[in-house]
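> Give me a 3D structure for the following:
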Amino acid sequence: MTFRHPISHALVWAAWIACCGPPARGQPSGASATSQPSSAPAAASKPAEKKPYVSKSWGSRLETQPPGYARPLSETGLPGTEAFDWMILGLEHRTRWEFRDDDPRRPILRDDNQFLMRSRGYFGIQKVLDPLRFGLEFQDARQFNSSFPESDRDVDENEIIQLHAELYFPDVLGKNEPLRFQFGRMSLEYVDRRLVGRNRWRNTTNAFDGFRVQLGEAASDWQVDFFAAQPVERRLRRFDPGDDERWFYGLVGAWRKWSQYVTIEPYWFVLDEDRVSVTAADREIHTLGVRAFGPIGKSGFDYDVNNAFQFGDDGVREQRAYAMYAELGYTFQHAWKPRLSLSATYGSGDRNPADRTTERFDRLFAVNHGWSTTDAFTWQNTISPKLRLELQPLKQLRLDGSYGGYLLASDNDAWVTPARRDATGLAGTCVGQELEVRLRYQIDEHMELETGYSYFIPGAFVENTGPADDSDFFYFGLTVKL
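I've put the predicted structure just below:
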């Protein structure tokens, strides 16, 4: 069963979400953001509004709008800029050195010693022309000294990743309950970033050409966000165009009325690919899911669960896939704020490459770094339990470490990142284990140091399908924000 009019169906679902209950006026209960929280102060005659509950799940915090490194000029501290709250500016540069010994993602196991540099700049206009607003974000991503050919994962020179106009109405749905209509080039992040993300770790950034409509905000009791856009093709040193053969639609809701117990985020994404080339198959993949998260009373425990189903057409084959992520954490009452968490990941794999159904989950436009520091795994054909500990010994210092295992969900399908596959299923399912540790130190409000190490131990599947050796990954990075 497929739907040939995803926009019309999405609008019907938006109406259903809106009818679940009216927005509370002036008493938001909060949760993780699908847009930037309002900064408007509460009225003096009313009690202070609750801050939104944000999930503690690993890597799920969404980027703000505009991005976090940008701020109004009036907040920079420069003399004579106090009245320029309508102009938003930001500059950010990151240099990261990476050393990889026997990189498991590569067909040939060899050392790599590379430098990655990424510069971003943001300019925006707000308030002074309201309801009309503008945003422009420039990025330059470069790679040096690598032993392997350049790819659009690391290189995208002199590119615009956001250029959009926006109609912003702050009180359409109630006091500080805004309506946004945004059109142009955008970077998108939704739900927990595991299907649609902005790529903080990766040197290049996903971008989309289209429009989106947002009702409500992160502090609202409910929120609805709809978009329709073409994914942008990254072309290293040429202008990145929108892909005319692909459309990506999305409808994301949030119900935060009971956020002291649970926040519910239903979502529906549609990837529609109509290929001109006879060698590429047409695809229409629907991803229908729901995420739920929250604290478990005052016990110190918290949870985050995401379930996603996929259906549609993948060329001549039917798409039938499933993915799940669940995390249970406990925060200790200690000055270092230690949090211990256990997570479980499942992404279905294709059981039989010769039949008319594909069960491999499509990761869409996901952020993959959360699955593995080495970036060797995706949310596809994988089973992965992971134990993680996070600490903050000092205000400026954060530490975390984890241990995880990786297995194939289907022994007939591939370890997707390096494209290793044994269609007979005789190579086994154990891909390997990984130990990870990371340190982040905030030197001041403008500079942050980050360093980390990962050790990968290959399992039977790797040993039976090609080159196999222990792998070390060490990196050191410096981010500067102005």
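
> count of neighbours near the nearest residue to V290 once chain neighbours are set aside?
Spatial nearest neighbour of V290, chain neighbours left out: P266 (4.7 Å); criterion: CB to CB, 6 or more residues apart in numbering. Where you see a C-beta, it was placed from the backbone N, CA and C, and this is true even at glycine. Counted by other CB atoms under 10 Å, the residues lying close to P266 total 19.

> ok but P266 is inside a strand, no?
Yes: under DSSP: H, G, I helix; E, B strand; the rest coil, P266 falls within a strand.

> For T451, give me its contacts.
Contacts for T451 were tallied using CB atoms under 8 Å, 6 or more residues apart in numbering; they are R438, L439, F474, Y475, F476, G477.

> And F144, how close does it get to F115?
Noted for F144: a distance of 4 Å to F115, by CB to CB, to the nearest Å.

> would TSV of the contacts of T451 with neighbour count and pLDDT be doable?
Putting the contacts of T451 into TSV (neighbours: other CB atoms under 10 Å; pLDDT from 0 to 100) gives the following:
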residue	neighbour count	pLDDT
R438	17	97
L439	15	98
F474	14	97
Y475	19	98
F476	14	97
G477	18	97
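
> can you put those in CSV and add secondary structure and distance to A414?
Shown next, in CSV, are these (DSSP: H, G, I helix; E, B strand; the rest coil; distance: CB to CB, whole Å):
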residue, secondary structure, distance to A414
R438, strand, 28
L439, strand, 34
F474, strand, 28
Y475, strand, 27
F476, strand, 32
G477, strand, 31
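
> Surely the residue nearest to V290 is in contact with V224?
No: the pair P266 / V224 is not scored as a contact, 10.0 Å apart, by CB atoms under 8 Å.

> ok, and the residue lying closest to F239 once chain neighbours are set aside, which helix or strand is that part of?
Nearest residue to F239, sequence neighbours excluded (CB to CB, 6+ apart): E159, at 7.5 Å. Using DSSP states H and E, E159 sits within strand 156-169.

> Quick one: list the elements packing against that strand.
Strand 156-169 sits against strand 132-144, strand 179-186, with contacts defined as 3 or more CB pairs under 8 Å, 6 or more residues apart in numbering; DSSP states H and E.

> could you dump the ones you listed to CSV with mean pLDDT, mean neighbour count and distance to G432?
CSV is the format used below for the helices and strands packed on strand 156-169 (pLDDT from 0 to 100; neighbours: other CB atoms under 10 Å; distance: least, CB to CB, whole Å):
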stretch, mean pLDDT, mean neighbour count, distance to G432
strand 132-144, 97, 19, 26
strand 179-186, 96, 19, 37
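
> Of all those strands, which one is nearest G428?
strand 132-144 (34.6 Å; CB to CB).

> Alpha carbons of the closest one, as PDB, please.
What follows is strand 132-144, C-alpha atoms only, in PDB (Å, rounded to 0.1, in the frame of the first residue of the first chain):
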ATOM      1  CA  LEU A 132       9.200  39.300   7.800                       C
ATOM      2  CA  ARG A 133      12.500  37.800   8.900                       C
ATOM      3  CA  PHE A 134      15.600  36.500   7.100                       C
ATOM      4  CA  GLY A 135      18.400  34.100   7.800                       C
ATOM      5  CA  LEU A 136      21.700  33.300   6.000                       C
ATOM      6  CA  GLU A 137      24.300  30.700   7.000                       C
ATOM      7  CA  PHE A 138      27.500  30.100   5.100                       C
ATOM      8  CA  GLN A 139      29.800  27.100   5.500                       C
ATOM      9  CA  ASP A 140      33.200  26.100   4.200                       C
ATOM     10  CA  ALA A 141      34.300  22.500   4.900                       C
ATOM     11  CA  ARG A 142      37.800  21.300   3.900                       C
ATOM     12  CA  GLN A 143      40.000  18.200   4.400                       C
ATOM     13  CA  PHE A 144      43.800  18.000   4.400                       C
END
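
> who touches that strand?
So strand 132-144 is in contact with 66-67, 88, 114-127, 150, 154-168, 187, 203-205, going by CB under 8 Å, 6+ apart.

> Burial check on K395, number of neighbours?
Counted with other CB under 10 Å, K395 comes out at 7.

> hmm, back to that, what pairs with the strand holding E159, parallel or antiparallel?
Using DSSP bridges, the strands paired with strand 156-169 are strand 132-144 (antiparallel), strand 179-186 (antiparallel).

> Reformat those strands as JSON lines; add distance to T382.
Listed next are the strands paired with strand 156-169 as JSON lines, based on distance: least, CB to CB, whole Å:
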{"stretch": "strand 132-144", "distance to T382": "27"}
{"stretch": "strand 179-186", "distance to T382": "29"}
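
> Out of those strands, flag the one nearest S220.
strand 179-186 (11.2 Å).

> ok, L73 - contacts?
Here L73 is in contact with T81, F84, D85, M87, I88, L89 (CB under 8 Å, 6+ apart).

> what sits against Y325?
Residues in contact with Y325 (CB under 8 Å, 6+ apart) are D192, R194, D304, V305, N306, S343, A344, T345, Y346, W379.

> The fifth one contacts Y190, correct?
Read that as N306. No: counting by CB under 8 Å, N306 does not reach Y190; the two are 11.4 Å apart.

> quick one, which of these two is more surrounded?
Of the pair N306 and Y190, N306 is the one with more neighbours under other CB under 10 Å, namely 24 against 21.

> pretty sure that one is in a strand, no?
Yes: under three-state DSSP, N306 sits within a strand.

> now it: how far from D444?
From N306 to D444 the distance is 36 Å (CB to CB).

> and what of P107?
P107 sits 43 Å away from D444 when distances are taken as CB to CB.

> The two: which is more packed in?
Of the pair P107 and D444, P107 is the one with more neighbours under other CB under 10 Å, namely 11 against 8.

> ok, for that one, nearest residue in space, not its chain neighbours?
Leaving out its chain neighbours, the residue that sits closest to P107 by CB to CB, 6+ apart is P418, at 6.8 Å.

> Using PDB, write down the CA coordinates of stretch 283-298.
Written as PDB, here are the backbone C-alpha positions of stretch 283-298 (Å, rounded to 0.1, in the frame of the first residue of the first chain):
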ATOM      1  CA  ARG A 283      11.200   4.800  -4.400                       C
ATOM      2  CA  GLU A 284       8.500   6.000  -2.000                       C
ATOM      3  CA  ILE A 285       9.400   5.300   1.600                       C
ATOM      4  CA  HIS A 286       7.100   6.200   4.500                       C
ATOM      5  CA  THR A 287       8.500   6.300   8.000                       C
ATOM      6  CA  LEU A 288       5.800   6.400  10.700                       C
ATOM      7  CA  GLY A 289       6.900   6.600  14.300                       C
ATOM      8  CA  VAL A 290       6.500   7.900  17.800                       C
ATOM      9  CA  ARG A 291       8.900   8.900  20.500                       C
ATOM     10  CA  ALA A 292       8.200   9.100  24.200                       C
ATOM     11  CA  PHE A 293      10.500  10.400  26.900                       C
ATOM     12  CA  GLY A 294      10.400  11.800  30.400                       C
ATOM     13  CA  PRO A 295      11.600  11.500  34.000                       C
ATOM     14  CA  ILE A 296      10.400   8.600  36.200                       C
ATOM     15  CA  GLY A 297       9.000  10.700  39.000                       C
ATOM     16  CA  LYS A 298      11.700  12.000  41.400                       C
END
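
> tell me the SS of R120?
Secondary structure, three-state DSSP: R120 is strand.

> That one - how many residues pack around it?
Residues within reach of R120, counting by other CB under 10 Å, total 21.

> That one: what's it in contact with?
Contacts of R120 by CB under 8 Å, 6+ apart are P67, Y69, G90, L91, E92, H93, E137, F138, Q139.
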